[in-house]
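# following is a predicted model, sequence given first.
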Amino acid sequence: MADDAIVEVRGVGKTYEGGVEALANVNLSFPPSQLSTLLGPSGCGKTTLLKIIAGLIPPGAGEVWVKGARVHGPGPERAFVFQDFALLPWANVLRNVAFGLELRGVPPAERNEIARRHIAEVGLGGFESSYPNQLSGGMKQRVGLARALTVDADIILMDEPFSSVDEQTRRKFQEELLVLLRNKRKTVIFVTHSIEEAAYLSDQIVLLTPRPGTVSRIIRPGMERSKSPDEIRRDQRYLDAVDEIWQILKHHVA
Amino acid sequence: MKPTSITHHPVVWQLASFVLFFGLWEVAGRWPVSAAFPPFSQTFLALLEMLKDGSLARAYWITVQPLLIGIVLCGIAGVGFGVGMGLSRSVEWLSLPVFIILQAAPMAAIIPLITYFYGIGLTSKVLAVVFLAAPVIVMNSYKGIRNTHPSLLQMCRAFLGTRSQEVLKIILPHAAALIFAGLRLGLAMGFIGIVIAELMITPTGIGDLITYHSSVADYPKMFASVASIIAVAAITLHALERVERMLFPREIRGA
């Protein structure tokens, strides 16, 4: 295991009630301030693995270590972005974004000020008093991301955050996400089933095999992040990574 | 002015519906269908007379008491039970079967039994209201709690919410709209309960007006009493439905 890893997964396995083995003996380490994706076909247990790292699901076997401490549940150094956004429908954008701080007992004036800053950062300035049902899927996920940023966690865990967002919105969102998270030097663990998304966003791509999920390969595309989004998409290393991932994954697709 | 603009207004049609209904009533009463069936005009005059001499107001003062006491009791204990059942498996196993049976049971059959135990006073009438109103109030609260979106609960845990924060900030607000709807439906059942009680247990209040005027063959007043309780129930429930839509607009409600 790498000494400088911020998140380490050691021998993690998970079998659900009814005998479905979702994960078996997964060993991984995630370097700090990098973006890693967990990539694989549906049913490879990638979301299960992410939720085990988050402390939302207890592992059946093995253990997870975050910043040198063993994980027994959710912690302040990790923030989660949900696939279905998980926004409170009766609360406006401001309260939803500030909700993590509200749960921690931060006084209203202080938490609203922090929330406003992050709302502006994700490009939702002016929508503070809108309700989730008045927003598009892409905007809802910006709220979910802003909520994760307000609690100032070092590690952001994202569970297929763009899966219910249309393609054009998704591209724009990905580009902004890259800039935002790199500027903040966050460690990001990102679950996706999109090969292009993984290759475009990641410093490290973890390929998982389905049923039970095990690590099949770790790929580091090695792109220079100073390049513009359009340059990245034409970069030979990006295209090679996409091709390499597909060559591996196609064996697992029924 | 375009002729279509009037007919497109829903109020016009709603008014027309009332005019048609009362018109048919008038015609049927004058035909006559039966000597005991007064036309609308006579019933309406009887209603005005009862309003003037205060008998209607006195009757409602009596009728509303057990209804309100019953609904308030259900509002406290019923919502409490429903929320408890939603939050705790043990409370659920203990009480769910009782309320499922109560919901299916024909309650009118229980009312003679209530009289047998509690006599003919206020207690029996309150109980009649409670027995009818409680099941829907309890079951709605229970379902509202139990249907909380699982990913909202997971979100609360991920952001380090405690169990009490989970209940106060996620589960209860999520269930609020369904709990309120349960109270409204409970009140609707309560109206049925109180009228059955006042007719079956001992004639008081509006039940007394109906029974008395029927026994002295003053059919316009009897029909006016019946029509008044229908109108009171309908208007109250409609008003509550409006309040509900104002408090919990569809865009922001949880359940």
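Ah, there it is. Numbering: from 1, shown residues only, chains lettered A, B, ... in the order given.
# hey, let's count contacts and neighbours off CA atoms from now on
OK.
# in contact with the residue lying closest to residue B:23 once chain neighbours are set aside, which residues?
Nearest non-adjacent residue to residue B:23, counting by CA to CA, 6 or more residues apart in numbering or on different chains: residue B:40, 7.7 Å away. Contacts here follow CA atoms under 8 Å, 6 or more residues apart in numbering or on different chains; on that basis residue B:40 touches B:22-23, B:25-26, B:29.
# can you pull out the strands in chain B?
Secondary structure of chain B (DSSP state E): no strands present.
# where does it dip in pLDDT?
Residues of chain B meeting the criterion pLDDT under 70: B:1-7, B:251, B:253-255.
# in it, what residue is nearest chain A?
Across chain B, the shortest distance to chain A (CA to the nearest CA) belongs to residue B:252, at 4.5 Å.
# in ChimeraX, select just the buried ones from the contacts of residue B:40.
Under the burial definition 16 or more other CA atoms under 10 Å in any protein chain shown, those of the contacts of residue B:40 that qualify are selected in ChimeraX by:
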select /B:25,26,29
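# which parts of the stretch 151-255 of chain B sit against chain A?
By the rule CA under 8 Å from any CA of the partner chain, the part of the stretch 151-255 of chain B lying against chain A is B:151-152, B:154-155, B:157-162, B:165, B:170, B:173, B:251-254.
# take these and keep only those in helices.
B:151-152, B:154-155, B:157-158, B:165, B:173 (DSSP state H).
# of the residues you listed, which pair is most distant in space?
Greatest spatial distance among those (CA to CA): B:158 and B:173, at 19.0 Å.
# can you pull the contacts of residue A:70?
Here residue A:70 is in contact with A:63-64 (CA under 8 Å, 6+ apart).
# contacting residues for residue A:92?
Residues in contact with residue A:92, defined by CA under 8 Å, 6+ apart, are A:128-132.
# sorry, back to before: can you select the buried ones from the ones in helices among the residues of the stretch 151-255 of chain B next to chain A in ChimeraX?
Buried subset of these, written as a ChimeraX selection, criterion 16+ other CA under 10 Å:
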select /B:152,154,155,157,158,173
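# and the ones in helices among the residues of the stretch 151-255 of chain B next to chain A, which is closest to residue A:221?
Checking these one by one against residue A:221 (CA to CA), the nearest turns out to be residue B:158, at 30.8 Å.
# need the per-residue pLDDT for residue A:207.
For residue A:207, the model assigns a pLDDT of 87.
# pull the number of nearby residues for the closest residue to residue B:219 other than its chain neighbours.
In this structure, residue B:219 finds its nearest non-sequential neighbour in residue B:36, 5.8 Å apart by CA to CA, 6+ apart. Neighbour count for residue B:36, taken as other CA atoms under 10 Å in any protein chain shown: 15.
# ok but residue A:8 is inside a strand, no?
Yes: Residue A:8 forms part of a strand when assessed by DSSP: H, G, I helix; E, B strand; the rest coil.
# let me know the secondary structure of the closest residue to chain B within the stretch 51-200 of chain A.
Relative to chain B, the nearest point of the stretch 51-200 of chain A is residue A:90 (4.5 Å; CA to the nearest CA). In three-state terms, and counting by three-state DSSP, residue A:90 is coil.
# I'd guessed it sits against residue B:252; true?
Yes: with contact defined as CA atoms under 8 Å, residue A:90 counts as touching residue B:252 (4.5 Å).
# so for the two, which residue has more residues nearby?
With neighbours defined as other CA under 10 Å, residue A:90 and residue B:252 compare such that residue A:90 has more, 21 against 18.
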